[in-house]
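Student: Predicted model, plus sequence, below.
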Amino acid sequence: MKKIFLPLVICVGTLFLLARLFYLQIIVKEKTKDNIASDVAIQVEYDYPQRGYIYDRNEKLLVTNQSAYDIMVVPHEVKALDTLEFCNLVGINIEQFRENLKKAKQYSYRKPSVFVSQLSKEEYAPLQEKLRKFNGFFVQKRSLRHYETFCAANVLGYISEVNDWELKNNPYYLAGEIIGRQGVEKQYEDFLRGKKGVRYLQKDKFNRVIGSYKNGIYDTLPVAGQSLELTIDESLQAYGEMLMQCKRGSIVAIEPETGEILALVSAPSYDPNLLVGRKRSENYTLLYNDSIAKPLFDRALLAEYPPGSTFKPFTALLGLQEGVMTPQTLVACNGGYHYGSRVMRCHHHPSPLDMTHAIANSCNAYFAYEYRRIIEKYKTPSEGITAWDNDLKSFGFGEFLGSDFPIGRKGYLPDAAFYNRQYGENRWAATYNISNGIGQGEVLVTPLQLANALAAIANKGYFYTPHVVKKIDGKVTPFTQYTEKKHTRIDPKYFDPIIQGMNLAYTGGTARGTKIDSINVAAKTGTAENYIRINGKRMQLTDHSIFMAMAPVEAPKIAIVVVVENGYFGARIAGPIASLMIEKYLTKNVKRKELEKQMLEKSLEEEYAKPYSGLPFSINK
């Protein structure tokens, strides 16, 4: 027993000493690190990292950084100063000085906060040599965004100071720090922002900095933000924004085989550099208050339109899947579809038509008949509309797509519950909502949804969730939701006649005016009815021009949707713009200069002014 007692005591004692050392070196150290920031004898300074750069799909630099300087204040240390001189140096007035100092005191008397933010190098230079005269004020360097492009503002987003809610709910941020707003700046904030460095400085009893606290053992270096490589083609995006000048609407172009977004145009747009620096707030207010053109409203992601005749290929697919039609089914059209005492009018074309020619000629009668057969296949209209609804949802209609944008809308697909509320439980029939079959009625889609569904046609039955970021820090994004196939409920064998019909529309049907030499295209025109309610009265305005196309037909590399508000029929403006975009992307050159000139010069500003002229009030449309 005596032989093991002494070694046992030594072992226990050694373990105790090791445990004590661990406690002192690790536990106490971490506890101290958590508390030193609140010690009045310690001054905390942050070293802000460079925000991650942003590139397009061809590695063209879109967003970099530029140096800026924040004037920080510690109210407790502020002494009598020449206020007028200080204000002149930093570009504020006396009232602003007092208000900023008041806010700083409300935040903390002893902790630093931003007094004047985002001075440029030129603005900071006069202050640099005289800053020592102003006790309680010091400079903190930071970086602001600099945009190497004038386009894609809705895709890139912008940065601004954190607000009170963010300060309260996210412990990472301190007052005056910046955070991403909208677009990829917001969605990928955690990757782009990096990690700020920290320095702890020891102060003496006279409140003077005397050196690093504990020789800098708690100090950390900043970690730069990670770069992003977008799926966007900057040259295509810029070209689309040029074509949409003096127009309202959107362009969405997707690569079907990957779901990568090639262009996401919202018109009107703005130069992203407007939302940088000290004039950001003023410029943002001007953009925000434009309640008519709404440049901050992303029409590609948020606007919801009736799809019009671009919906007919999907009605055709549902009819084939439900087994109520075949590609050879003939339907007569005598100027429209007659049901009861009503008629759904149609423009003049050959009759009767099979499915491919019905798509090519955009026959209303054909797709009204087909929609009715889909609904009436089932015992009750509720069952029929539920099957119709589920088939369409498999394309992404009526649902959030889950793209990597922080905003988006679901569009709308009416269901059985909607019509049962309207008319009573199964006290309605397909003829009550037959306009659904031609993309009118209650159906609403976003341009991104329509482009995604078109990509599913191009892939003959599946799509990838559309996304805008390709790589993070040079590596393929780890998000598997963008690499998983999403299959529709439609059998792949049914897509060929639909694509053939869309190709016929391009070669000799409603889209024939948009031909491109040497490129075989499948397309569909659309004209969406456009209504507005004024003082409770429903008024019809000029229809929206919609066009969707994919090319080349043999192996589609681009699926594109163009919406031009108040542009009238689909082949008038949306069609030519879509064809120019296809030509630009696939050939890198546009040969049809006359058509390009027409679209660049085409303005709809007078058209947009019509609904509002002579009214005693303004309307948000």
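Tutor: Sure thing, it's come through. Numbers count the residues shown, from 1 in each chain.
Student: Settle this for me: residue 216 is touching residue 199, isn't it.
Tutor: Yes. Assessed by C-beta atoms under 8 Å, residue 216 is found in contact with residue 199 at 7.3 Å. Placement of C-beta: from N, CA and C, glycine included.
Student: What lies in contact with stretch 126-142?
Tutor: Contacts of stretch 126-142 from elsewhere in the structure, counted by C-beta atoms under 8 Å, 6 or more residues apart in numbering, are 45-46, 48, 67-79, 81-82, 85-86, 89-90, 112, 114-115, 118-119, 124, 178.
Student: Go through it and flag the buried ones.
Tutor: Buried residues in stretch 126-142, counted by 16 or more other C-beta atoms under 10 Å: 127, 134, 136, 137, 138, 140, 142.
Student: Do you know the pLDDT at the last one?
Tutor: Read that as residue 142. What the model reports for residue 142 is a pLDDT of 79.
Student: and it, bridged to which residues?
Tutor: residue 68 (DSSP bridges).
Student: follow-up on the earlier one: residue 216 and residue 199: who's more crowded?
Tutor: Between residue 216 and residue 199, residue 199 has the larger neighbour count (other C-beta atoms under 10 Å), namely 16 against 12.
Student: May I have the secondary structure class of the more buried one?
Tutor: strand (DSSP: H, G, I helix; E, B strand; the rest coil).
Student: Backbone torsions only: list them for the nearest residue to it once chain neighbours are set aside.
Tutor: Distances taken as C-beta to C-beta, 6 or more residues apart in numbering put residue 45 closest to residue 199, at 4.5 Å, once the chain neighbours are dropped. Taking degrees, to the nearest 10, you get phi -120, psi 140 for the backbone angles of residue 45.
Student: What separation do you get for residue 45 and residue 175?
Tutor: 15 Å (C-beta to C-beta, to the nearest Å).
Student: What of residue 64?
Tutor: From residue 64 across to residue 175, the span is 26 Å (C-beta to C-beta).
Student: Would you mind telling me which of these two has the busier surroundings?
Tutor: Each of residue 64 and residue 175 has its neighbours counted (other C-beta under 10 Å); residue 175 has more, 17 against 14.
Student: can you tell me the helix or strand for that one?
Tutor: Using DSSP states H and E, residue 175 is not contained in any helix or strand.
Student: Next: residue 541.
Tutor: Assigned by DSSP H and E, residue 541 belongs to strand 537-551.
Student: again with residue 578
Tutor: helix 574-587.
Student: tell me the contacts of residue 258?
Tutor: 231, 464.
Student: sorry, back to before: if you average pLDDT over the helix holding residue 578, what comes out?
Tutor: For helix 574-587, the mean pLDDT works out to 96.
Student: Which strands or helices does whichever helix or strand comes after it pack on?
Tutor: Note on helix 574-587: by DSSP H and E, the next helix or strand toward the C-terminus is helix 593-601. Applying 3 or more C-beta pairs under 8 Å, 6 or more residues apart in numbering; DSSP states H and E, one finds that helix 593-601 makes contact with helix 234-243, helix 574-587.
Student: Looking at helix 593-601 now, give me its mean pLDDT.
Tutor: 95.
Student: Could you pull out the buried residues of it?
Tutor: Neighbour count says helix 593-601 has 595, 596, 599 buried, by 16+ other C-beta under 10 Å.
Student: Save the residues you listed as TSV, and put in distance to residue 565 too.
Tutor: Below are the buried residues of helix 593-601 laid out as TSV (distance: C-beta to C-beta, whole Å):
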residue	distance to residue 565
595	21
596	21
599	15
